[in-house]
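1. Model the structure of this input:
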Amino acid sequence: MSLRFTESPNARSKSITTADGIDTFGILNQHSTGNAAYQVGISEDVGTRRYMEDAHSFVVDYAGVRGQGFFAIFDGHAGKHAAEWCGAHFHEYLLDALRTSSSATIPGLVDKRISRLSEESDGKIHSGCTVVTAFLRIEDADGRQSFLPTPPLSPPSPTESGSRSGSESPTEPTEDSKEMCKKAKSKSPASASRFARALKSLSGSSPTLTSSPTALPAIRSPTPPASTETHTLPINPPQSSRRVLYTANAGDARGVLCRAGRAVRLTYDHKGSDKQEAKRITDAGGFVMSGRVNGVLAVTRSLGDSSMKEYVVGSPYTTETELGSDDEFVILACDGLWDITGDQGAIDLVRHISDAQAAAETLVKHALERQTNDNVTVLVVRFKALGSSEFV
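-> Predicted coordinates for the structure are as follows:
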C-alpha cells in the first residue's frame, strides 16, 4: 500500500458520496438511498484551531451483510497523518481481522503501520490519534450468522467463550447511567467473542487497565489487507435476526447511545486526570503532570504516538449492546463536542431531529457557538426498526 498524503496540513477523509441505488458494495463513506436499517449523518469543523486533524469513516452494509455498518471518528494530534491514515484504512484491517483466524491484532497491525510511517518519513511523521468506533452487526440469537452461505469466522475455541463487555466503568457516571449501562451491556455469545476481541485490539495492547504494550501477540505479517470494496450483493439476514452494537474507544473520543431519551455512555475517557490511568503510567515508569502524560499528552491511550507507546497504550474500552425498540440513535464525536456538553445534553439537543445529518450539524454548531477550542467532528447514526422504514 503506497503512502500518499497531500501537502496540506489538514486531514482529508474520503469524500462522502451517495449510491445510485440501495447497494454501496462496501465503498467507504458512501450513503445508500434505500438503507432500511439506519441513517448516517456526519459534520465537521476546524473550530478555532489552525488545522483540521480529525478524520472519519463509515461503511454501509459492512462485511457484505445488509443492515450492518461500520462507523468511526479519529481525532488526530501532533499532525494529521495518523488520523488520516486510519480514516482511510482502519475499516479494512478490522474486516480482515474478523474474517481470519490469525492471532495478529488490529492495533498491532495499525500501530506497526503508523510506526512505519514515522520511519519512512525520516521522523517527519510522529502523530497519533484518539478513536471511537462502532460496528453494527446482524446476528442470530446465539451470536452466530447462520444465514451466511459460508461463515467468515472459524468456530471459537472454549477459551474464547464467555467474555464480558464493559470491563471498565464510564467516567463519572450518574446512578441512572450506571443502571442503564448494566442493561445495555450483555454477555458475549461464544461465537461473537471474536468480535469483542477484535475491537479490544485497537492498538494491540491487552484490554485491561493494567495492561502493558509488551503483552502484544506476535504480528505475523505487516501486509495490508485488501480493499473492502466488492461487486457482490450483500446477504439479506432473516427478520428474526438481532442487532448488536460493538463499540470501542481509546482516548477521549466518545460514543453515547440514546435509549428511550436517556443517555447511555458506551465508552471511557482515557485522560491523565483519571486516577487509574495515572497509576498505570507511573507504574510503567512515566509520570503525569498537570493532567498530561510526561507533561506532554492529555490522553493516556491512542493509536500512533510511537515515541510514547510505553505509556500511551492503545488498549481500548469495549462494549457490546443488543439494540431494542427503545434505542433511537448513537452519537460518536471527538472531544471538541464533549468538552462543551455532557452526554444527556447532547441527546436532548438532537432527539427531536429525525434527520441524522441535521442532527450532526446541530451538534457541531452547538459546540462552535459555545466556543470550543478544538476541531469538532460528529457522526450520528439513527436506527430504524427491523423490517420498517420508520425511525425508532
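
2. Next, give phi and psi for the closest residue to Asp23 other than its chain neighbours.
-> Nearest non-adjacent residue to Asp23, counting by C-beta to C-beta, 6 or more residues apart in numbering: Leu233, 6.3 Å away. Any C-beta I mention is one placed from the backbone N, CA and C, and that applies to glycine too. Backbone torsions for Leu233, taken as degrees, to the nearest 10, come to phi -70, psi 140.

3. Helices of the stretch 251-392 of the chain, residue ranges please.
-> Secondary structure of the stretch 251-392 of the chain (DSSP state H, counting those that start in this stretch): helices at 275-283, 335-338, 343-350, 356-369.

4. Give me the neighbour count for the residue nearest to Asp23.
-> Burial of Leu233 is recorded as 12 neighbouring residues (other C-beta atoms under 10 Å).

5. Next: Ala37.
-> Applying other C-beta under 10 Å, we find 22 residues neighbouring Ala37.

6. Work out for me the element Glu44 sits within.
-> Assigning secondary structure by DSSP states H and E places Glu44 in strand 38-45.

7. quick one: low-confidence parts of the stretch 51-200 of the chain?
-> In the predicted model, the stretch 51-200 of the chain carries pLDDT under 70 at residues 101-125, 150-200.

8. I'd like to check the angle between the strand or helix carrying Ile73 and strand 38-45, please.
-> According to DSSP H and E, Ile73 maps onto strand 69-77. Angle, strand 69-77 to strand 38-45, by axes from the mean of the first three to the mean of the last three C-alpha atoms, to 10 degrees: 10 degrees.

9. Need the pLDDT of the closest residue in space to Thr282 that isn't next to it in sequence.
-> Setting aside the residues directly before and after it, Thr282 is nearest to Val288 in space (C-beta to C-beta, 6+ apart), at 7.0 Å. Looking at Val288, its pLDDT is 95.

10. Tell me how many other residues surround Thr321.
-> For Thr321, the neighbour count with other C-beta under 10 Å is 24.

11. quick one: it and Leu266 touch, right?
-> Yes. Thr321 is within contact range of Leu266, at 6.6 Å (criterion: C-beta atoms under 8 Å).

12. For Asp96, see how far away the closest residue to Lys14 other than its chain neighbours is.
-> Distance criterion C-beta to C-beta, 6+ apart; nearest residue to Lys14, sequence neighbours excluded, is Asn29 at 4.6 Å. Summarising the geometry, the distance separating Asn29 from Asp96, computed by C-beta to C-beta, to the nearest Å, is 19 Å.

13. in terms of contact, does the residue nearest to Lys14 touch Thr18 like I think?
-> No. Contact status for Asn29 versus Thr18: not in contact, 10.1 Å apart, counting by C-beta under 8 Å.

14. Who has more neighbours out of these two?
-> A side-by-side neighbour count of Asn29 and Thr18, using other C-beta under 10 Å, places Asn29 first with 20 against 10.

15. show me what contacts the more buried one?
-> Contact analysis of Asn29 by C-beta atoms under 8 Å, 6 or more residues apart in numbering lists Ser13, Lys14, Ser15, Ile16, Thr17, His56, Ser57, Phe58, Val59.

16. export the residues you listed to JSON lines and tack on neighbour count, distance to Ser43 and secondary structure?
-> Putting the contacts of Asn29 into JSON lines (neighbours: other C-beta atoms under 10 Å; distance: C-beta to C-beta, whole Å; DSSP: H, G, I helix; E, B strand; the rest coil) gives the following:
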{"residue": "Ser13", "neighbour count": "22", "distance to Ser43": "12", "secondary structure": "coil"}
{"residue": "Lys14", "neighbour count": "16", "distance to Ser43": "16", "secondary structure": "coil"}
{"residue": "Ser15", "neighbour count": "8", "distance to Ser43": "15", "secondary structure": "coil"}
{"residue": "Ile16", "neighbour count": "14", "distance to Ser43": "11", "secondary structure": "coil"}
{"residue": "Thr17", "neighbour count": "12", "distance to Ser43": "16", "secondary structure": "strand"}
{"residue": "His56", "neighbour count": "25", "distance to Ser43": "10", "secondary structure": "strand"}
{"residue": "Ser57", "neighbour count": "22", "distance to Ser43": "15", "secondary structure": "strand"}
{"residue": "Phe58", "neighbour count": "26", "distance to Ser43": "13", "secondary structure": "strand"}
{"residue": "Val59", "neighbour count": "25", "distance to Ser43": "19", "secondary structure": "strand"}
